[in-house]
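# Sequence first, predicted coordinates after that:
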Amino acid sequence: MRAVVRAVNGLTARWAEAVDVSHGTAFSAAGVWPLLAFLADGAGGAAREELAAATGVPAERAASLARELLGGLGEAAGVDSAAGVWARRGLELRETWGEGLARGALTGDPVADRGALDAWAREHTGGQIPAMPVTLDRSTELVLASALALRTRWEHRFHETILDSAHWTDREYLGLRRRTETPDELAVASTPFGYVTRVRVLGTEGLDVHLLLGEPELSPARVLRAGVGMLRGEHPVVRGSELGLGDAGPGVRVRERASAVPAPVELDVLTAGFDLTARHDLLASGELFGLTAARDRSRGHFPGISGRPLAVSSAEQCAVAQFGAEGFEAAAVTLVAAAASGVPRFRWTTRTVEARFDRPFGFLAVHRATGLVLMAGWVAEPAEWEV
């Protein structure tokens, strides 16, 4: 599983460089990667080379690693995943291609086919994504799709409050705050670009959300890449319990106060709740996803999938992510279509590590056991406070 985790997280980091975060976004390389891997397995020529480069693994290993990823996701608590391929009647698929994918048929009627695909998306995301991100027409020969749904509840819930922020001031926004005796859920990393603060919010199902705040001048891409790099152990970090007094990192301040009794170091986190919806045209970043050559409809690119010449006609992802007081939910559907605290005596001090995510920040939803990033995103604007 290490190889596939490394490959998927690598794609996450690269995608962070290309994705538009101006209005906030969420994206899942874990939803895209297995589809690219199956395509690489069936591709030839330049398309095969590009897809191998995009997946970060040799094309001949891609399908087996995709099956390993899908199998691992199927066993992970709090994760629902599915992947399938739909072929138009009359399109014969190679028996050796697509093992591990559920198979369905396209009728050639765009309305009926769209209805069936939308129902599949709703079923496998628990209704979080009601429709498949695809444009079907009578030339669509094959649809390759994945669905991923995440749900976890926090081990320590947050309390809702109005967010007091110097950055977000035009309306009342949802703030989430909690105080725990777990300072080492916070770490400050020193990266080649600057300092990045990470707070790991533990979920009960083995899924965690890492909140990432960089120095103000750091781009979202560098903040998200730093978060992935921290998972890999690439950057030196200082844990919350080891931080000195005063300003100790982006959004972090360490304070001491007198106490009548010995007390552990506390972590006080204030963050913004968020509710994100995003749609991504993967063909707009064809080089990133290895889909440049495969778009050329003057010839076929997938001899390992079918004897009929096929080219990629569309590739999109819909993603949603919601971070609230009780937990986190997210989902992604990805599709590739082919056409043709009295007055005591104070003897001790208590230390509090305060973290404030009160300006735009990034997040990673991470499978704790493997370090696989299942969803990533950027919060440009929080959810609004609802009375």
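Nice, thanks for sending it over.

# residues contacting the closest residue to D296 other than its chain neighbours?
Using C-beta to C-beta, 6 or more residues apart in numbering and skipping the chain neighbours, the partner closest in space to D296 is A311 (6.0 Å). C-beta: built from backbone N, CA, C; applies to glycine. The contact partners of A311, taken as C-beta atoms under 8 Å, 6 or more residues apart in numbering, are 294-297, 299-301, 338-340.

# And E49, how far from A59?
Distance of E49 to A59, computed by C-beta to C-beta, to the nearest Å: 8 Å.

# So the two - more neighbours on which side?
Neighbours per residue (other C-beta atoms under 10 Å) separate E49 from A59, with A59 holding more: 23 against 15.

# Where does pLDDT dip in the stretch 51-200 of the chain?
Residues of the stretch 51-200 of the chain meeting the criterion pLDDT under 70: none.

# where does the stretch 251-387 of the chain dip in pLDDT?
Using pLDDT under 70, the stretch 251-387 of the chain drops low at 258-263, 341-350, 387.

# all strands of it, in order?
Counting by DSSP state E, counting those that start in this stretch, the stretch 251-387 of the chain has strands at residues 252-259, 266-272, 274-281, 312-323, 327-338, 348-356, 361-367, 372-379.

# Can I get stretch 53-62 as PDB, trimmed to CA atoms?
Output of stretch 53-62 as PDB, limited to C-alpha atoms (Å, rounded to 0.1, in the frame of the first residue of the first chain):
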ATOM      1  CA  ALA A  53       3.800   9.900 -15.600                       C
ATOM      2  CA  ALA A  54       0.600  11.300 -14.200                       C
ATOM      3  CA  THR A  55       0.000   8.300 -11.900                       C
ATOM      4  CA  GLY A  56       3.700   8.100 -10.900                       C
ATOM      5  CA  VAL A  57       3.900   4.400 -11.500                       C
ATOM      6  CA  PRO A  58       4.800   2.200 -14.500                       C
ATOM      7  CA  ALA A  59       1.800   1.600 -16.700                       C
ATOM      8  CA  GLU A  60       2.300  -2.200 -16.400                       C
ATOM      9  CA  ARG A  61       1.800  -1.900 -12.600                       C
ATOM     10  CA  ALA A  62      -0.900   0.700 -12.600                       C
END
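
# Which positions within it qualify as buried?
Buried residues in stretch 53-62, counted by 16 or more other C-beta atoms under 10 Å: 54-57, 59, 61-62.

# Repeat that for stretch 145-154.
Buried residues in stretch 145-154, counted by 16+ other C-beta under 10 Å: 145-152, 154.

# Reformat these as CSV; add distance to A43 and secondary structure.
Converted to CSV, the buried residues of stretch 145-154 look like this (distance: C-beta to C-beta, whole Å; DSSP: H, G, I helix; E, B strand; the rest coil):
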residue, distance to A43, secondary structure
A145, 18, strand
S146, 18, strand
A147, 23, strand
L148, 23, strand
A149, 29, strand
L150, 30, strand
R151, 34, strand
T152, 36, strand
W154, 42, strand
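
# Between all of these, which two are separated the most?
Farthest-apart pair in those is A145 and W154; separation 30.7 Å (C-beta to C-beta).

# beta partners for the nearest residue to V379 once chain neighbours are set aside?
Nearest residue to V379, sequence neighbours excluded (C-beta to C-beta, 6+ apart): F274, at 4.6 Å. Taking DSSP bridges as the rule, F274 bridges to F323.

# so who does V336 touch?
V336 neighbours (C-beta under 8 Å, 6+ apart): 35, 39, 143-145, 282, 291, 312, 314-315.

# correction: G327
G327 makes contacts with 151-154, 203, as judged by C-beta under 8 Å, 6+ apart.

# Considering those, which is situated nearest to R351?
R351 lies nearest to W154 out of these, by C-beta to C-beta, at 23.2 Å.

# If R153 is in a bridge, with which residues?
Legend: beta-bridge partners of R153 under DSSP bridges are G327.

# Pretty sure it sits against T204.
Yes - using C-beta atoms under 8 Å, R153 is in contact with T204, at 5.0 Å.

# between the contacts of V336, which is closest to V366?
Nearest to V366 among these is L35, at 21.1 Å by C-beta to C-beta.

# That closest one and S146 touch, don't they?
Yes - between L35 and S146 there is a contact under C-beta under 8 Å: 5.7 Å.

# where along the chain do the helices fall?
Assignment of helices within the chain using DSSP state H yields the ranges 2-18, 29-42, 45-55, 59-75, 110-124, 220-232, 286-289.

# still on that earlier bit, list the contacts of the residue nearest to V379.
Applying C-beta under 8 Å, 6+ apart, we find F274 in contact with 24, 321-323, 379, 382-383.

# How many residues are close by G74?
When neighbours are defined as other C-beta under 10 Å, G74 has 12 of them.

# returning to that earlier point: make JSON lines from the contacts of F274 and add distance to G286 and neighbour count to it.
What follows is those, written out as JSON lines (distance: C-beta to C-beta, whole Å; neighbours: other C-beta atoms under 10 Å):
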{"residue": "G24", "distance to G286": "24", "neighbour count": "20"}
{"residue": "A321", "distance to G286": "25", "neighbour count": "28"}
{"residue": "Q322", "distance to G286": "30", "neighbour count": "17"}
{"residue": "F323", "distance to G286": "31", "neighbour count": "27"}
{"residue": "V379", "distance to G286": "27", "neighbour count": "27"}
{"residue": "P382", "distance to G286": "33", "neighbour count": "27"}
{"residue": "A383", "distance to G286": "33", "neighbour count": "19"}
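
# right, and A102 touches A83 too?
Yes - counting by C-beta under 8 Å, A102 touches A83, with 7.0 Å between them.

# ok, these two, which is more surrounded?
Using other C-beta under 10 Å as the criterion, A102 and A83 rank with A83 on top: 25 against 13.

# Next one: the residue lying closest to that one once chain neighbours are set aside from D118, what distance?
Residue nearest to A83 in three dimensions, not counting chain neighbours: S146, with 4.4 Å by C-beta to C-beta, 6+ apart. Separation of S146 from D118 (C-beta to C-beta): 15 Å.

# Kindly report the same for L65.
Note on L65: its distance to D118, by C-beta to C-beta, is 29 Å.
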